[in-house]
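Attaching a predicted model along with its sequence, questions to come.
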Amino acid sequence: MTKFVLSRSQKKTTGPVIKRVLVRCPATGKLTPTGQIINEALWPKTKFNPARLTCPHCGEKHSWKKADAVLAR
Ligand SMILES: [Zn+2]
C-alpha cells in the first residue's frame, strides 16, 4: 500500500496553472498585461491572432503576437 502512495505522490497533481499573458513594451521595456489569461499547459498549443493593446507605459498602441508574449502569474 505504501508503495502505491509513494509512486503516486511523485506525480505532481497540481491543477491548471493560469497565467497572465504579458508583452514587453518596445519603448520602455516594461511588461504590459494584455488582459488575456491562459492555462499554461495549453500555451504551446494555443494560437493567438496578432492583437493590439494600448500600452499604459508609453501610451502607444502596440501590436503583439504570440512570439512576443510572456507568461506571468
Ligand atoms: Zn509601450
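Now that the structure is in, tell me what you want to look at.

wait, doesn't residue 33 sit right on residue 24?
No: under the contact definition of C-beta atoms under 8 Å, residue 33 does not touch residue 24, with a separation of 11.4 Å. Using the backbone N, CA and C atoms, a C-beta is placed for each residue, glycine as well.

This structure: helices as residue ranges?
Ranges of helices within the chain are 2-10, based on DSSP state H.

mind showing which ranges of this protein have poor pLDDT?
Counting by pLDDT under 70, the chain contains low-confidence ranges at 1-13.

what are the ranges of the strands in the chain?
According to DSSP state E, the chain carries its strands in the segments 18-24, 31-39, 51-54, 61-64, 69-72.

Around residue 22, how many other residues sit close by?
Counted with other C-beta atoms under 10 Å, residues neighbouring residue 22 total 19.

ok, for it, nearest residue in space, not its chain neighbours?
Beyond its immediate neighbours in the sequence, the residue positioned closest to residue 22 (C-beta to C-beta, 6 or more residues apart in numbering) is residue 31, lying 4.3 Å away.
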